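**Q** Take a look and give me a structure for this.
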Amino acid sequence: MFRWAVCGLGRISHRWVKVANGIPDMKVIAAVSSSKSRAEDYKKRYEMDYALTYEELAKTPSIVDAVYVATNMSGHQKTVEMFLKAGIPVLCEKSFALNTKQAKSMIDTAKRKNVLLMEAMWCRVLPANRYIDQIMKEKKYGNIISASADFKAGWGHGPKSRVWKKDVGGGSVLDLAVYLVHYSQMLMGKPKRVIVTGKIKNEVDISSDIIFEYNNNVKFDLHSSLQFPWISDTFKIYCEKGNVIIPSFYGANKVIEKPFSGKKIIKKFEKIDGFTYEIAHFAELVRSKKKESYILPLSVTYEVMELLEEINHQLGVTF
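**A** Below is the predicted model:
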């Protein structure tokens, strides 16, 4: 039985716990919070074995095989490093950190302690997106000429939502554009030039318009927003011999291929919660005693953090 602890007991953790508990030979056995009473309530709700503070888990690392950290971004560095120093493998929710300084410290700690650390960027491990990565590397449709993508989602964010609060890592860049940046990095690596405009409110961005420029005049046009009335999340890749469209790219289960010669191809993948692949991949890494993911290595996480920091810098946002 693979034993998980969940740290940070907000909204996203409930979905994550339900998915993890639904995977064979896996169970979330510990609720971890800065509030002991909150951990106790969470433990009872999901019939767990332990309700712990951060410090209590760090002092008893052998009771779990790994910990999923889903605290606010402002708490990632301190919490992740505490568990790494205790020898506990950590799956850390996106965005990985508030800035490159924090990200470097977390990565350095993982390497120094020789403990597995991975960013919980589920879109990188989804079968549909692994397929996209493969066919682009194989140049099935030739070289990439350009791409365009949106991730806009205004629903669910009331006036008191964390997304409007700078002190916990608010803004569309760290909440939504992180997916766009990860996907772009998967396709083309790091751009040679970044151009950004956007709108700021309460010292965080409410929308961003990003252009990534690469060699050979390749450009990616990316947009994120926290004020869109519904969700818009399609990634379009334009190639020399055809175009590829990924609807709902961040949770993709379908790929539409449009070759310039030949019939359109619609490739469908199993519709299951994307957390499943992320959780299973991390458990596989722990069981095989790996210290980094072969799909999402720490060098990629850091490169994405550099780009997010540059985007925020151009918007006039600093963390």
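**Q** Could you list the domains of the chain?
**A** Partitioning the chain according to automatic domain parsing yields domains covering residues 2-120+276-284, 124-273+303-315.
**Q** Which of those domains comes out lowest on mean pLDDT?
**A** Per-segment confidence across those bottoms out at domain 124-273+303-315, which has a mean of 94 in mean pLDDT.
**Q** which of the domains of the chain is buried the deepest?
**A** Compared across these, domain 2-120+276-284 shows the largest average neighbour count, a mean of 20 (mean count of other CB atoms under 10 Å). In this view, the C-beta of every residue, glycine as well, is placed from N, C-alpha and C.
**Q** Ends of that domain, what's the gap?
**A** Using CA to CA, to the nearest Å, the end-to-end distance of domain 2-120+276-284 comes to 10 Å.
**Q** From the chain's centroid, how far away is that domain?
**A** Counting by CA atoms, centre = their mean, to the nearest Å, domain 2-120+276-284 is centred 14 Å from the centre of its parent chain.
**Q** quick one on the thing from earlier: could you point out which of the domains of the chain sits nearest residue 291?
**A** Taking CB to CB as the measure, these were each checked against residue 291, and domain 2-120+276-284 came out nearest at 5.3 Å.
**Q** And the helices in the stretch 101-250 of the chain, which stretches?
**A** Under the criterion DSSP state H, counting those that start in this stretch, the stretch 101-250 of the chain carries helices at the ranges 127-137, 172, 178-188.
**Q** what helices or strands is the last one leaning on?
**A** Contact partners of helix 178-188 among helices and strands, from 3 or more CB pairs under 8 Å, 6 or more residues apart in numbering; DSSP states H and E: helix 127-137, strand 144-153, strand 204-213, strand 219-225, strand 235-239, helix 298-315.
**Q** For these, give me a markdown table that also has distance to residue 73.
**A** Output for those, formatted as a markdown table (distance: least, CB to CB, whole Å):
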| stretch | distance to residue 73 |
| --- | --- |
| helix 127-137 | 23 |
| strand 144-153 | 17 |
| strand 204-213 | 12 |
| strand 219-225 | 16 |
| strand 235-239 | 24 |
| helix 298-315 | 11 |
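**Q** Residue 71: which of those is closest?
**A** For residue 71, the closest of these is helix 298-315, at 17.1 Å, according to CB to CB.
**Q** doesn't residue 301 make contact with residue 107?
**A** Yes. Distance between residue 107 and residue 301: 7.4 Å, which falls inside the contact criterion (CB atoms under 8 Å).
**Q** Out of the helices and strands packed on helix 178-188, which is closest to residue 5?
**A** Each of the helices and strands packed on helix 178-188 was scored for nearness to residue 5 using CB to CB, and the closest is helix 298-315 (21.2 Å).
**Q** Let's see the closest one as PDB, backbone CA atoms only.
**A** Included here for helix 298-315 are C-alpha records, laid out as PDB according to Å, rounded to 0.1, in the frame of the first residue of the first chain:
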ATOM      1  CA  LEU A 298      13.400  19.900 -12.000                       C
ATOM      2  CA  SER A 299      15.400  21.800 -14.700                       C
ATOM      3  CA  VAL A 300      12.100  22.200 -16.600                       C
ATOM      4  CA  THR A 301      10.300  23.400 -13.500                       C
ATOM      5  CA  TYR A 302      13.000  26.000 -12.900                       C
ATOM      6  CA  GLU A 303      13.000  27.100 -16.600                       C
ATOM      7  CA  VAL A 304       9.200  27.600 -16.400                       C
ATOM      8  CA  MET A 305       9.600  29.600 -13.100                       C
ATOM      9  CA  GLU A 306      12.200  31.900 -14.900                       C
ATOM     10  CA  LEU A 307       9.600  32.600 -17.600                       C
ATOM     11  CA  LEU A 308       6.800  33.200 -15.100                       C
ATOM     12  CA  GLU A 309       9.000  35.600 -13.200                       C
ATOM     13  CA  GLU A 310       9.900  37.500 -16.400                       C
ATOM     14  CA  ILE A 311       6.200  37.700 -17.400                       C
ATOM     15  CA  ASN A 312       5.300  39.100 -14.000                       C
ATOM     16  CA  HIS A 313       8.300  41.500 -14.100                       C
ATOM     17  CA  GLN A 314       7.100  43.000 -17.400                       C
ATOM     18  CA  LEU A 315       3.700  43.400 -15.900                       C
END
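**Q** That helix packs against which elements?
**A** Helices and strands in packing contact with helix 298-315 are listed as helix 100-113, strand 117-120, helix 178-188, strand 193-201, strand 204-213; criterion 3+ CB pairs under 8 Å, 6+ apart.
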